[in-house]
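**Student:** Build me a model:
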Amino acid sequence: MLRQHGSIKLDLQKSLDVTITVFSFVSAYFFKKHMLPGGLNALSTTPNYYLVLMLIIISWYVAFKWMDVYVPYRAKPFWYFFTAAVKGSLLGMIFVSLVMYVLHIQGVSRILMGAFLVVNISLLTLSRFIVFKTLERLRTDGFNTRSILIVGSKERAKEVIRAIEKYKSSGYRVVGCFDVEEDLVGQAVENGHKVIGLVRDMEDYLRHNIVDELIFAMPLKIIKKGDRYLALAEGMGIKVRIIPDWEIHYLMYRPNIATIRFESFLGVYNMTLQSTPMNEGSVLLKTIFDYLTALVLTILLLPVFGAIAVAIKLTSQGPVFYTQERLGMNGRKFKFYKFRTMVNNADEVRKGLEDRNEMDGPVFKIKDDPRIIPGLGHFLRKTSLDELPQLFNVLKGEMCLVGPRPPIPKEVDEYSVWHRRRLSMKPGMTCLWQIAPNRNDLSFDEWMKLDLKYIDTWSLFNDIKILFLTARAVLTRSGR
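**Tutor:** Numbering: from 1, shown residues only. The predicted structure is shown next:
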């Protein structure tokens with residue numbers, strides 16, 4: 001699914017930081033006013049401490065931005081976040097002091113400000129430690145991992161592998177290395193990782209294996225038609241990192257889709273091309289929204305689930321649910337659930353109906369499909385109620401509420417390179433194709449273009465809009 005980078009955990013962390021800063025100041029205020037012994041517990045009514053708090057929030061925001069506090073947790077060790085929080089808080093205190101001096105704000109309690117600073121740094125550090133360790137544990141347990149394919153096998157590639165192995169909790173996993181020399185295939189590179197293929201065979205490998213990121217760790221000038229492989233990965237929606245020899249200019253490569261930027265990858269500086277959503281904060285917010293919405297809908301719709309299950313059992317032989325292997329983000333396989341709307345041996349019967357396929361491309365669709373259960377099957381498909389069990393896929397983290405529909409492996413085998421980019425985001429229960437007024441008349445390429453348009457223009461607002469339009473499509477029974 002998905003554009004990933006820039007922040008959330010980071011956007012959420014910013015909101016959490018503001019909350020912590022306000023709480024720390026209020027706590028320090030009450031500590032100074034009510035809890036200190038003797039005459040130390042007094043506070044004058046001047047200056048206006050509401051104004052002081054507002055100045056603190058603004059100063060902290062500016063200082064944290066200057067100190068580059070908000071970077072993805074995956075990219076840095078915890079010590080970075082601790083020192084950044086301390087430096088940002090101290091710089092914020094300097095800003096506040098300068099502003100109060102310029103504005104002639106006098107009489108602010110030094111004990112209060114000192115207590116605030118100590119509490120603030122402590123809570124900011126604690127919050128980052130909890131988030132950092134939680135994400136680290138999830139990645140160590142195999143959740144939210146990234147599969148890395150490295151192009152190169154010499155010192156640059158070894159440096160990248162050592163960096164990844166050093167920070168295993170970052171969730172990055174090396175699947176192997178590619179090189180341009182046939183003699184190197186099968187040879188060890190570093191820490192048990194080997195050269196598993198040739199650069200010229202990269203397209204076939206990317207089509208049939210899960211690769212989230214591609215790292216070029218060799219001089220691009222020695223790769224024949226190197227721009228072709230950059231365009232290949234870009235077109236498939238795979239994130240590209242280039243360990244710089246700063247000679248990319250000789251390729252004269254200009255990305256059509258991807259955003260290009262420079263960043264640190266576990267301490268190794270690289271140039272990155274990414275054509276999927278980069279805002280990790282918004283993506284995390286989407287994940288939380290999807291999970292909570294799916295959970296609520298599942299609970300509310302349990303009576304509907306039960307009624308449909310009984311109806312299926314009464315009208316046809318076979319299981320209530322239809323399960324099928326589908327491909328998720330970057331080709332990850334998962335079991336896809338639907339209410340069964342066809343005869344029990346529908347997949348076998350399809351072989352005799354291939355000549356009636358009304359769709360171009362690898363997708364199979366016919367208007368009057370004889371495999372559909374009369375009455376009930378047509379009703380479930382018209383109302384899209386057969387899709388409800390995919391809420392379980394959303395709860396399992398395999399799908400989203402909104403995203404490109406998950407294809408079957410056989411279809412993906414026939415994809416063109418540019419079709420593959422629709423796999424760069426987690427699949428969804430509905431998307432732009434589902435709400436298109438003439439969706440059943442669209443060609444396969446037009447369908448794919450709608451999915452890529454969704455990826456390129458993704459936002460949480462658009463997701464909510466698509467969900468409302470999907471609800472309207474369900475009520476008007478425009479499915480097939």
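
**Student:** so where is the protein shaky, pLDDT-wise?
**Tutor:** Judged by pLDDT under 70, the chain has its weakly predicted residues at 1-10, 37-45, 75, 245-258, 276-282, 351-352, 354-361, 364, 440, 477-480.

**Student:** what does the domain assignment say about it?
**Tutor:** By the assignment in automatic domain parsing, the chain contains the domains 10-140, 146-275, 281-475.

**Student:** May I have the distance across the second one, first residue to last?
**Tutor:** Its first and final residues considered, domain 146-275 spans 16 Å by CA to CA, to the nearest Å.

**Student:** Scan this protein for its longest helix.
**Tutor:** The helix spanning the most residues in the chain, taking DSSP state H as the definition, is helix 110-140.

**Student:** What residues of it count as buried?
**Tutor:** Within helix 110-140, the residues that count as buried by 16 or more other CB atoms under 10 Å are 112-113, 115-117, 119-121, 123-125, 127-128, 131-132, 135-136, 139. All C-beta spots, glycine's among them, are computed from the backbone N, C-alpha and C.

**Student:** How about residue 93, nearest residue that isn't a chain neighbour?
**Tutor:** In space, not counting the residues next to it along the chain, residue 93 is nearest to residue 117; the distance is 5.9 Å by CB to CB, 6 or more residues apart in numbering.

**Student:** How much space separates the one you found from residue 60?
**Tutor:** Counting by CB to CB, to the nearest Å, the separation of residue 117 from residue 60 is 11 Å.

**Student:** that's a strand at residue 144, yeah?
**Tutor:** No. Residue state for residue 144 (DSSP: H, G, I helix; E, B strand; the rest coil) corresponds to coil; a strand is not indicated.

**Student:** which residues does it contact?
**Tutor:** Under the criterion of CB atoms under 8 Å, 6 or more residues apart in numbering, the contact list for residue 144 reads 135, 138, 171.

**Student:** Confirm for me that the last one is in contact with residue 145.
**Tutor:** Yes. Here residue 171 reaches residue 145: they are 4.5 Å apart, a contact under CB atoms under 8 Å.

**Student:** any residues in contact with both of those two?
**Tutor:** A shared contact of residue 171 and residue 145, defined by CB under 8 Å, 6+ apart, is any residue touching both; here these are residue 139.

**Student:** Please identify which of the two sits among more neighbours.
**Tutor:** Neighbour count, other CB atoms under 10 Å: between residue 171 and residue 145, residue 171 has more, with 20 against 16.

**Student:** how close does that one get to residue 211?
**Tutor:** Computed with CB to CB, the distance linking residue 171 and residue 211 is 15 Å.

**Student:** Do a quick rundown of the strands in the stretch 101-250 of the chain.
**Tutor:** Counting by DSSP state E, counting those that start in this stretch, the stretch 101-250 of the chain has strands at residues 146-151, 172-179, 188-190, 193-198, 213-216, 239-242.

**Student:** Quick one: distance of the last one to the chain centre.
**Tutor:** Yep, that's strand 239-242 we're talking about. How far strand 239-242 lies from its chain's middle: 16 Å, per CA atoms, centre = their mean, to the nearest Å.

**Student:** partners of that strand in the sheet?
**Tutor:** Each strand that pairs with strand 239-242, with its direction, by DSSP bridges: strand 213-216 (parallel), strand 268-274 (antiparallel).

**Student:** Same list (these) but as a markdown table, adding mean neighbour count and distance to residue 259.
**Tutor:** As requested, the strands paired with strand 239-242 are arranged in a markdown table below (neighbours: other CB atoms under 10 Å; distance: least, CB to CB, whole Å):
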| stretch | mean neighbour count | distance to residue 259 |
| --- | --- | --- |
| strand 213-216 | 25 | 14 |
| strand 268-274 | 19 | 6 |
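
**Student:** Can you add distance to residue 301 and give those strands back as CSV?
**Tutor:** As requested, these are exported to CSV (distance: least, CB to CB, whole Å):
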stretch, distance to residue 301
strand 213-216, 38
strand 268-274, 37
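
**Student:** Out of these, flag the one nearest residue 196.
**Tutor:** When the strands paired with strand 239-242 are compared for distance to residue 196 using CB to CB, the nearest one is strand 213-216, at 13.4 Å.

**Student:** mind checking the backbone torsions on residue 326?
**Tutor:** Backbone torsions for residue 326, taken as degrees, to the nearest 10, come to phi -130, psi 170.

**Student:** likewise residue 367?
**Tutor:** For residue 367, the backbone dihedrals are phi -70, psi -50 (criterion: degrees, to the nearest 10).

**Student:** Quick one: neighbours of it, just the number.
**Tutor:** Based on other CB under 10 Å, the number of other residues close to residue 367 is 8.

**Student:** hang on, the earlier thing: identify whichever of the strands paired with strand 239-242 lies nearest to residue 334.
**Tutor:** When the strands paired with strand 239-242 are compared for distance to residue 334 using CB to CB, the nearest one is strand 213-216, at 20.6 Å.

**Student:** which residues are contacting the closest one?
**Tutor:** Residues outside strand 213-216 that contact it (CB under 8 Å, 6+ apart): 146-152, 160, 172, 206, 223, 230, 233, 238-243, 265, 270.

**Student:** what does stretch 392-402 give?
**Tutor:** Residues outside stretch 392-402 that contact it (CB under 8 Å, 6+ apart) are 1, 143, 286-287, 289-291, 293-295, 298, 328, 332, 334, 336-337, 390, 406, 425-431, 454, 462-463, 466-467.

**Student:** same check, this time on stretch 53-69
**Tutor:** Residues from elsewhere that reach stretch 53-69, judged by CB under 8 Å, 6+ apart: 17-18, 21-22, 25, 70, 81, 84-85, 87-89, 91-96, 99-100, 116.

**Student:** Please apply the same query to stretch 194-211.
**Tutor:** When contacts are defined by CB under 8 Å, 6+ apart, stretch 194-211 is touched by residues 147-149, 151, 153, 175-180, 182, 184-189, 214, 223-224, 229, 232-233, 236, 238, 330-332, 412-413, 415, 417, 420.
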